[in-house]
Each structure stands twice: as C-alpha cells, then as structure tokens.
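Sequence first, predicted coordinates after that:
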Amino acid sequence: MALFWFFCDESYDSDPAQERMVFHELGAAYVPATYVVAGFFADELTWTDVEGRWSAENRRVGVSRYHAAEVNAFGDEFAGWEKDKQIAYSANLVKILTDQKRRLHAVSCGIFSREYEQIIGEGGRKKFGHPYIVCFKSCIAMLAQEMEIRNFEPEDKFAVILGRNSLENEAIKVFTEMQDNPNWRFGRRLAFCARGNWQDFVPLQTADLIAYETFRLLHEKHKDDPKQARWALRTMFPENGFLGHYYEAETLQRIKEPLENAACAPNGFVVVFPPVTDSTGEGRP
C-alpha cells in the first residue's frame, strides 16, 4: 500500500467593503462572495523534495514562511520588499512546484456563496453544508474517485492535512463519515484527516499558494471585466496536474433537486463526479 498526501487550505474574500452585501440585513455577518478550498496531492517522495527546497528558499530570503496574502500585499515579513524581490521569490517557489511535473496535482473546489444561498433552499444547504464543508468534501470526493479509476493500486490511500480554521473539527468529522459510509464506495481510499499548521507542515504553504491563486481567478468572475489566470497558475497549467470543480449558478441549479430531495444527515450529501480526461483523452490524476 502506498500512502499519498493531500495538503489543503481555504481562501475567501473577507472584507465587507469589497462588494455589496446581499441576502442579509445590514449589520449581519458578512457572507463571502467566493469561497475556495484547494491544495496539492502527491506521494511522500515528492513532498520530501518540495519541503526541502521550499524551506531553503524561505531561509534564503529570510522569512519564516510563504503567506500568499502578505506576499501580494507586501505585509508582515514582506514589508519593505522591492517588487523585483517579490517576483523572484514567487517565481522560485512556483518552479519548485512545476519541477515536480505530474507527480504533483493541484486539487481545488470553489463555490459562489451568495448564489448557493439564493438557489439552494435552507434544507438543502443543511445537507450540503457550509461553503467550506462543501468545497472540502468535494475535493476529498474527487480525489477518492480518481484514485479508484486511475493507475493506483487497490490498497493505495491518501491522508489529508488541512490548515487550521474555525470549521476544522466539522471537516474532520465529515471526512470520517465519508470514510465509513457504506453507500459511498470510494471511502476505502481515505486514510485519515488531521488539522495542521505551517510550522509543522511546510506543504501547507503550497496549499496557501494554490488556494489564493484559485480564489483570485474565480473571484474575478463576479466582476464586469474578468481577467485571465495570474502568472503563477498559467505557469503551472502545462506542467502539473489539475483537478477542480466550481459550484456556480448553473451547477447549483443542476444539483438543486437531488440535493433538496436527498435523504441524508446534515453535511451528508456528496456529489459523484464524472471521470476527468485531459486533452489527450487520458484520465488524470
């Protein structure tokens, strides 16, 4: 049996001034427009190489870790950096990822939260879960299904380390329920799930990068002048594997009826995804 690892993190817009609030009274809790859970999936040897080189690059520039929001805003440890230094640092980190080729897969799921609230009724949202839970368990489901039908051994599994957040306990519980669900045949691919932090798990910094970049790409879809993917994603697209799903309005409309009519416990609804193929017709991962 081989054990693979999926390190994941979240990213969402958290500033109420960014966009007008909808579906809530003034003064109520802010609802992000875009919510993303994303990370990287690889075997242990690949992660050993990534971790060693990533840590060396952080030491070279004199920072304790990569933090996407702070790097892009020149905040915290990155305050006072020149633009050229920021670009070189980011490019060196992206090269560490692209050097892994298809041994390293980006896995992401995003949801347009306000459309979710508008299209799916309260009962359906209870079955599907908070936007973070929806995205988290969709990433887990995609990986488990792909491992089942691609070039993996029957006993191969993957473990999950998720970045610390307010819903971490709920996410771990959902993972365990998926693992033990007799009606979901992919549960045998799940090993274990645990919370982690960047000090103990350097690969969570890579998850921060892909979650932030995926968020930036999806969030632009809410604007009148959407932009193409930023350079980091464009650089990785031809080199690394990618597996993603996005719950926009059209997708939510398609799952509305089966979701709202499903007989399941809270957080119990799991989407079954069609097999993924690339431009050559070959499956991935």
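Everything's here; your move. Residues are numbered from 1 along each chain as shown.

any idea how far the helix or strand harbouring R125 is from the chain center?
Per DSSP states H and E, R125 falls inside helix 122-128. Distance of helix 122-128 from the chain centroid (Cα atoms, centre = their mean, to the nearest Å) equals 21 Å.

Let's see that helix as CSV, backbone CA atoms only.
Only the C-alpha atoms of helix 122-128 are listed here, as CSV (Å, rounded to 0.1, in the frame of the first residue of the first chain):
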residue,chain,number,x,y,z
GLU,A,122,-32.2,26.0,3.6
GLY,A,123,-32.9,22.3,3.9
GLY,A,124,-30.6,21.6,1.0
ARG,A,125,-27.8,23.8,2.4
LYS,A,126,-28.0,21.9,5.7
LYS,A,127,-27.5,18.6,3.9
PHE,A,128,-24.6,20.0,1.8
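
Show me what counts as buried in the helix or strand just after it.
With elements assigned by DSSP H and E, the helix or strand that comes after helix 122-128 is helix 131-149. Using 16 or more other Cβ atoms under 10 Å as the test for burial, helix 131-149 gives 131-147. Placement of C-beta: from N, CA and C, glycine included.

can you check stretch 268-276 too?
268-271, 276.

In strands only, show me the residues you listed.
Members of the buried residues of stretch 268-276 lying in strands (criterion: DSSP state E): none.

Looking at the residues you listed, spot the one nearest C109.
V271 (9.6 Å; Cβ to Cβ).

buried set for the worst-scoring helix or strand of the chain on mean pLDDT?
Least confident helix or strand of the chain, by mean pLDDT, DSSP states H and E, is helix 113-119 with a mean of 92. Within helix 113-119, the residues that qualify as buried are 113-117, 119, counting by 16+ other Cβ under 10 Å.

ditto for stretch 41-57
41-42, 46-47, 50-51, 53-54, 57.

Now do the contacts for D9.
D9 makes contact with 37-39, 162-163, 204, 207-208, 211, according to Cβ atoms under 8 Å, 6 or more residues apart in numbering.

wait, N58
64-66.

hmm, which of the residues you listed are the buried ones?
65-66.

Looking at the contacts of N58, which one is closest to Q253?
Y66 (37.6 Å).

Quickly list what L3 is bridged to.
Under DSSP bridges, the beta-bridge partners of L3 are K157.

still on that earlier bit, if we look at the least confident helix or strand of the chain, which residues are touching it?
12, 22-23, 31-35, 125, 131, 134, 247-249, 252-253, 256.

and those residues, which are buried?
Among these, the ones that count as buried (16+ other Cβ under 10 Å) are 12, 31-35, 125, 131, 134, 247, 252.

Identify the residues contacting Q253.
Counting by Cβ under 8 Å, 6+ apart, Q253 has contacts I119.

hang on, it in a helix?
Yes - counting by DSSP: H, G, I helix; E, B strand; the rest coil, Q253 is found in a helix.

Next one, pLDDT for it please.
pLDDT recorded at Q253 is 97.

What sits closest to the residue nearest the centre of the chain if chain neighbours are left out?
Nearest to the geometric centre of the chain sits A38, at 1.2 Å (Cα atoms, centre = their mean). Leaving aside its sequence neighbours, A38 sits nearest to S108 (Cβ to Cβ, 6 or more residues apart in numbering; 3.5 Å).

P274 falls within a strand, correct?
No - P274 is assigned coil when assessed by three-state DSSP, not a strand.
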